[in-house]
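**Q** Predicted model and sequence below, questions to follow.
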There are 2 protein chains.
Amino acid sequence: MSCKNFAFAENLDVEICLRLEQRMTQIAFQDYYPDQLSYCYGCGRLNEHGLQIKSYWDGDQAVCLFQPRPYHIAIPGFVYGGLIASLIDCHSTGTAAAAAARATGSELQPDSPYRFLTAALHVDYLRPTPLGVTLEVRAHVQEIKGRKVVISSTLLANGEVCARGEVVCIQVPDHLLPAQ
Amino acid sequence: MSCKNFAFAENLDVEICLRLEQRMTQIAFQDYYPDQLSYCYGCGRLNEHGLQIKSYWDGDQAVCLFQPRPYHIAIPGFVYGGLIASLIDCHSTGTAAAAAARATGSELQPDSPYRFLTAALHVDYLRPTPLGVTLEVRAHVQEIKGRKVVISSTLLANGEVCARGEVVCIQVPDHLLPAQ
């Protein structure tokens, strides 16, 4: 069975593909950030050198798919751990923003005030992550308390869990935000 | 007082500068890795797209200096947390290799068998890390036991600690190593 809309991603399995097609009707969390906050190297849509990762709700979980570039390696054939940390980091802060909006009974909007920074990042690398396949990061909200959101996540390749992450996210203080 | 050999790095203070000048007589840990293991995105000297970080002994500590590029930002003016995680990650695995050699009473050599992967990475982001200055990561060996080395580190900007890291490094199993 072929994957009509994602033919460019040869290694996507059908399940991921169908979920992606559903998700085409959604806007990524990161694409709600205002322009001034959209230059993050990991997830800013306006950082042309960056990874530009995208996160979406999938029920109560948030999903990010990312295809590492051929040079994102640790040793030949395996994905660089710092890239894995970056994916988990940005996917978690994005999920924190979306979760903070949901906690108020709504969803992210272009004028949502939620933007999170990482206070602590932990990654357990369970097995080498193969290069050449699309990685899937699945995050869920472990805790929301005041300006703090804790996100745990798993990173999968070929459906196998290769890494687990936990990120403590803190809502960006107003004095660090660039003027709108 | 000017910094003769490092005039390109305007933000280096004199102390760092003098240490760098001493270090010009040393070879970076990563530059001992054999070619086949020198394509890491974080520290491989042969990865032309990568960060190419370099680590050196400074007494019992290991030091890495890195100047983030202008696009390595989280929000304007501050360094991307995923880059910080990457610096801590590669500096720690490099330090683990050098420490494993020292534990046998020698120093790294071109044919040293030591190459480490990350089993667990933890970073506490203590304050936003300013962009535009040279970052200094200082690592020390917390534990060496069999094929496991634990490295703790601090990341400084303008002499101020901005992040702390702890990395559990495991010597790469032979079956993951590319043929020499």
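**A** Here it is on my side, so go on.
**Q** Would you indicate which residues of the longest helix belonging to chain A are buried?
**A** Scanning chain A for the longest helix, with DSSP state H as the assignment, gives helix A:81-103. Within helix A:81-103, the residues that qualify as buried are A:81-101, counting by 16 or more other C-beta atoms under 10 Å in any protein chain shown. (Glycine included, C-beta is placed from N, CA and C.)
**Q** By mean pLDDT, flag the weakest helix or strand of chain A.
**A** helix A:14-23 (a mean of 61; mean pLDDT, DSSP states H and E).
**Q** How about the residue nearest the centre of chain A: what's its closest non-neighbour residue?
**A** When C-alpha atoms, centre = their mean is applied to chain A, the residue found nearest the centroid is A:His91 (2.3 Å). Counting by C-beta to C-beta, 6 or more residues apart in numbering or on different chains, A:His91 lies nearest to A:Cys64, which is 4.2 Å off, once chain neighbours are set aside.
**Q** Would you list the phi and psi of that neighbour?
**A** Geometry field for A:Cys64 lists phi and psi as phi -130, psi 130, criterion degrees, to the nearest 10.
**Q** Tell me how many other residues surround it.
**A** 26 (other C-beta atoms under 10 Å in any protein chain shown).
**Q** From what I see, it and A:Val137 are in contact.
**A** Yes - using C-beta atoms under 8 Å, A:Cys64 makes contact with A:Val137 at a distance of 4.4 Å.
**Q** what about A:Arg45, how many neighbours?
**A** Under the criterion other C-beta under 10 Å, the count of neighbours that A:Arg45 has is 17.
**Q** Which secondary structure state is assigned to it?
**A** When the structure is reduced to helix, strand and coil (DSSP: H, G, I helix; E, B strand; the rest coil), A:Arg45 reads as coil.
**Q** and the closest residue to it other than its chain neighbours, what is it in contact with?
**A** Counting by C-beta to C-beta, 6+ apart, A:Ser38 is the residue found nearest to A:Arg45 once chain neighbours are left out, at 5.2 Å. For A:Ser38, the contacting residues are A:30, A:44-47, by C-beta atoms under 8 Å, 6 or more residues apart in numbering or on different chains.
**Q** how about a cut-off of 6 Å?
**A** For A:Ser38, the contacting residues are A:44-46, taking C-beta atoms under 6 Å, 6 or more residues apart in numbering or on different chains as the criterion.
**Q** and A:His72, how many neighbours does it have?
**A** 24.
**Q** Check the gap between it and chain B for me.
**A** Remark: distance between A:His72 and chain B (C-beta to the nearest C-beta, to the nearest Å) = 5 Å.
**Q** Those residues of chain A touching chain B, which are they?
**A** Within chain A, the residues that sit near chain B (C-beta under 6 Å from any C-beta of the partner chain) are A:37, A:39-42, A:47, A:49, A:71-76, A:80-82, A:85-86, A:89, A:118-125, A:178.
**Q** Pull out the buried members of these.
**A** Among those, those that count as buried by neighbour count (16+ other C-beta under 10 Å) are A:37, A:39-42, A:47, A:71-75, A:80-82, A:85-86, A:89, A:118-125.
**Q** Read off the pLDDT value for the residue nearest to the centre of chain A.
**A** Predicted confidence (pLDDT) for A:His91: 98.
**Q** Now do it against chain B, distance only.
**A** When C-beta to the nearest C-beta is the yardstick, A:His91 and chain B sit 11 Å from each other.
**Q** which ones are touching that residue?
**A** By C-beta under 6 Å, 6+ apart, A:His91 lies in contact with A:55, A:64, A:137, A:139.
**Q** thinking again about what came up before, the longest helix of chain A vs helix B:81-103, what angle?
**A** Between helix A:81-103 and helix B:81-103, the angle comes out at 140 degrees (axes from the mean of the first three to the mean of the last three C-alpha atoms, to 10 degrees).
**Q** Switch the contacts of A:Ser38 over to a markdown table; also include pLDDT and distance to A:Glu107.
**A** Shown next, in a markdown table, are the contacts of A:Ser38 (pLDDT from 0 to 100; distance: C-beta to C-beta, whole Å):
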| residue | pLDDT | distance to A:Glu107 |
| --- | --- | --- |
| A:Gly44 | 95 | 21 |
| A:Arg45 | 95 | 18 |
| A:Leu46 | 96 | 22 |
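**Q** for chain A, what spans make up the strands?
**A** All strands of chain A, identified by DSSP state E, fall at A:56-58, A:61-66, A:116-125, A:135-145, A:148-157, A:160-171.
**Q** ok, the fifth one: who's next to it in the sheet?
**A** In this case it means strand A:148-157. Strands adjacent to strand A:148-157 in the sheet, as given by DSSP bridges, are strand A:135-145 (antiparallel), strand A:160-171 (antiparallel).
**Q** How about the second one?
**A** Sheet neighbours of strand A:61-66, with direction, are listed as strand A:56-58 (antiparallel), strand A:135-145 (antiparallel) (DSSP bridges).
**Q** now those strands as TSV including distance to B:Asp111?
**A** Putting the strands paired with strand A:61-66 into TSV (distance: least, C-beta to C-beta, whole Å) gives the following:
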stretch	distance to B:Asp111
strand A:56-58	48
strand A:135-145	34
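**Q** So for A:Glu107, which of those strands sits nearest?
**A** Evaluated over these, closeness to A:Glu107 peaks at strand A:56-58, with 8.3 Å, by C-beta to C-beta.
**Q** Name the residues of the closest one that are buried.
**A** A:56-57.
**Q** gap between the longest helix of chain A and the chain center?
**A** Here the centre of helix A:81-103 is set off from its chain's centre by 5 Å, with C-alpha atoms, centre = their mean, to the nearest Å.
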